[in-house]
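Engineer: Could you work out the structure for the sequence below:
(2 chains)
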There are 2 protein chains.
Amino acid sequence: MRKTVGIIGGMGPAATCDLMEKIVALTSARCDQEHLHLIADVNTSIPDRTAAILHGGPDPVPELQKSARLLEKAGAQLLLMPCNTAHYFYDQVAAAVTVPVLHMPNETAAVLRQAGIKTAGVLATDGTVRSGVYEKALAAAGIKAVYPSAAMQEQVMRLIYDGVKARSAPLESIPVPDILAQLRQQGAQCFLLACTELPIAFARLGLEKDCLDPTRVLALAAVRAAGGVPAAADPW
Amino acid sequence: MRKTVGIIGGMGPAATCDLMEKIVALTSARCDQEHLHLIADVNTSIPDRTAAILHGGPDPVPELQKSARLLEKAGAQLLLMPCNTAHYFYDQVAAAVTVPVLHMPNETAAVLRQAGIKTAGVLATDGTVRSGVYEKALAAAGIKAVYPSAAMQEQVMRLIYDGVKARSAPLESIPVPDILAQLRQQGAQCFLLACTELPIAFARLGLEKDCLDPTRVLALAAVRAAGGVPAAADPW
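Structural biologist: Down below sits the predicted model:
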């Protein structure tokens, strides 16, 4: 019996669509009925996660828990949270429901370990970077995390907030190749696109080489955990 | 106060993602919180609509109504059904809930009338074509519907079922330009991509000229009806 997958979404809305598309693409199915049953709550009332972690902004936990409970009540048997930064609040979200919540950074760390990666460059929001969400998950798997310089981290934030969320800056205006070169100099063997808006930007820019997309990791883990037939052997 | 939009999805799952992406792209928003609250039930237990209409397959109405009720209960104040063929069952779905359900073919016909179109080529599933879902909506708006020949209609079905749903046939193997030329000969001034899988195929093929995408029509109508800020003046 396949499980219904619930998605705590809206962080941002484009990233929710991206996860859903990846789940559909990573499911081997000959017709609609062989796909997984998904329920997505694109809850755009969830306050900004980075603002809450770093700048005393409104606490996103009540809305995160509200979505988790709504999805469980609607029949979801397994939950996903397509927002890396939101995993800072993972324990509080998981505690609000009785169904399991997949942990995107831990799933990603497991894939890196499997691939023999020792050092990974982390591209993420300030909230994810400074709260150490990925650092902890990677350290537990014996992997070192390296980060862009402060100036380059500002450019990563522009890519996420202006380039994807607001669509107010052309993606090409941001020096992404320079950011990647800087991470390589620090020993990065691969790049984690550890904000759910980044795979969208990198796909548009055609810069996906050596990148691991935690959204894709989560999608494949969800297909497996829900009892679907995976359409790929690994998420690279 | 903006309305929460519920999506009766899974027909197919890719089309649900496509509608959600179009709603996000057609909403003018500077941050996550300015986007609409969406709840999508990707209910892959809904039986095939064309099979039910034409070949005595299982009735999709109970599952359609189940999704509609689930979404209303979860807080949706306005429902969408991203499947043209499913509009054959529109009255039964709308009767199951107290919230309004937007009618994709009627919204599409209104856009065509506004553009002064007199004859439109309809590309759709056998179920949509033979049940006259679009013919009725267009006739009410004073617009003539023309269709591919029987042989070409088979190719449209291959495009939908093998090309998009099952991903088992390369899109380029289907003579789409010939289908469009045949419709032009019958006086079609534009082409309705009246199966939610077709805009996905046409975008991949780069054949969107003179095409109207009812998914995009529905997305823009939903943004307006839910009180969001539309990012485009019309859906062409």
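
Engineer: the helices in chain A, which residues?
Structural biologist: Taking DSSP state H as the criterion, chain A carries its helices at A:13-25, A:49-55, A:61-74, A:90-94, A:104-114, A:126-131, A:133-140, A:150-158, A:176-185, A:198-205, A:214-225.

Engineer: Please tell me how far A:Ser28 sits from A:His103.
Structural biologist: 25 Å (C-beta to C-beta, to the nearest Å). (Each C-beta comes from the backbone N, C-alpha and C, glycine too.)

Engineer: More neighbours: these two, which one.
Structural biologist: Using other C-beta atoms under 10 Å in any protein chain shown, the more surrounded residue of A:Ser28 and A:His103 is A:His103, with 20 against 14.

Engineer: and that one, what is it in contact with?
Structural biologist: Contact analysis of A:His103 by C-beta atoms under 8 Å, 6 or more residues apart in numbering or on different chains lists A:87, A:90, A:137.

Engineer: and chain A, what are its domains?
Structural biologist: Taking automatic domain parsing as the criterion, chain A consists of the domains A:5-103+A:216-225, A:105-213.

Engineer: Turn the ones you listed into JSON lines, columns for distance to B:Ala145.
Structural biologist: Formatted as JSON lines, the domains of chain A follow (distance: least, C-beta to C-beta, whole Å):
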{"stretch": "domain A:5-103+A:216-225", "distance to B:Ala145": "26"}
{"stretch": "domain A:105-213", "distance to B:Ala145": "36"}
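
Engineer: quick one: which of the ones you listed is nearest B:Met11?
Structural biologist: domain A:5-103+A:216-225 (6.2 Å; C-beta to C-beta).

Engineer: just checking, A:Glu208 touches A:Leu198?
Structural biologist: No: shown here, A:Glu208 and A:Leu198 do not form a contact pair, counting by C-beta atoms under 8 Å, at 10.5 Å.

Engineer: Please say which of these two ends up with more neighbours.
Structural biologist: Taking other C-beta under 10 Å, A:Glu208 and A:Leu198 do not tie; A:Leu198 has more neighbours (27 against 14).

Engineer: quick one: pLDDT of that one?
Structural biologist: Looking at A:Leu198, its pLDDT stands at 92.

Engineer: Among the contacts of A:His103, which one lies nearest to chain B?
Structural biologist: A:His87 (16.3 Å; C-beta to the nearest C-beta).

Engineer: What parts of chain A come near chain B?
Structural biologist: Those residues of chain A that sit near chain B, judged by C-beta under 8 Å from any C-beta of the partner chain, are A:9-14, A:16-17, A:20-21, A:24, A:29-48, A:70, A:73-75, A:161, A:165-166, A:168.

Engineer: Among those, name the buried ones.
Structural biologist: A:9-14, A:16-17, A:20-21, A:24, A:29, A:32, A:34-44, A:46-48, A:70, A:74, A:161, A:165 (16 or more other C-beta atoms under 10 Å in any protein chain shown).

Engineer: Among those residues, name the ones in strands.
Structural biologist: A:9, A:38-42 (DSSP state E).

Engineer: These: which two are farthest apart?
Structural biologist: Once C-beta to C-beta is applied, these give A:Leu38 and A:Val42 as the farthest pair, at 11.9 Å.

Engineer: Between these two, which contacts overlap?
Structural biologist: Jointly contacting A:Leu38 and A:Val42 under the rule C-beta under 8 Å, 6+ apart are B:Ala40.

Engineer: what number of residues lie near A:Arg49?
Structural biologist: Count around A:Arg49 with other C-beta under 10 Å applied: 25.

Engineer: again with the one 4 residues further on
Structural biologist: When counting by other C-beta under 10 Å, one arrives at 21 neighbours for A:Ile53.

Engineer: what pLDDT does the nearest residue to it once chain neighbours are set aside get?
Structural biologist: Sequence neighbours aside, A:Gly127 is the residue nearest to A:Ile53 in space, at 4.2 Å (criterion: C-beta to C-beta, 6 or more residues apart in numbering or on different chains). pLDDT for A:Gly127: 88.

Engineer: so who does A:Gly127 touch?
Structural biologist: Contacts of A:Gly127 (C-beta under 8 Å, 6+ apart): A:49-54, A:85, A:88.

Engineer: Tell me the spacing between the residue nearest to A:His37 when sequence neighbours are not counted and A:Ser149.
Structural biologist: Among residues not flanking A:His37 along the chain, A:Thr4 sits closest, at 4.4 Å (C-beta to C-beta, 6+ apart). Distance from A:Thr4 to A:Ser149, counting by C-beta to C-beta: 44 Å.

Engineer: quick one: which of those two has more around it?
Structural biologist: A:Thr4 (21 against 12).

Engineer: Next up, the contacts around the more buried one.
Structural biologist: Applying C-beta under 8 Å, 6+ apart to A:Thr4 gives the contacts A:36-39, A:75-78, A:226.
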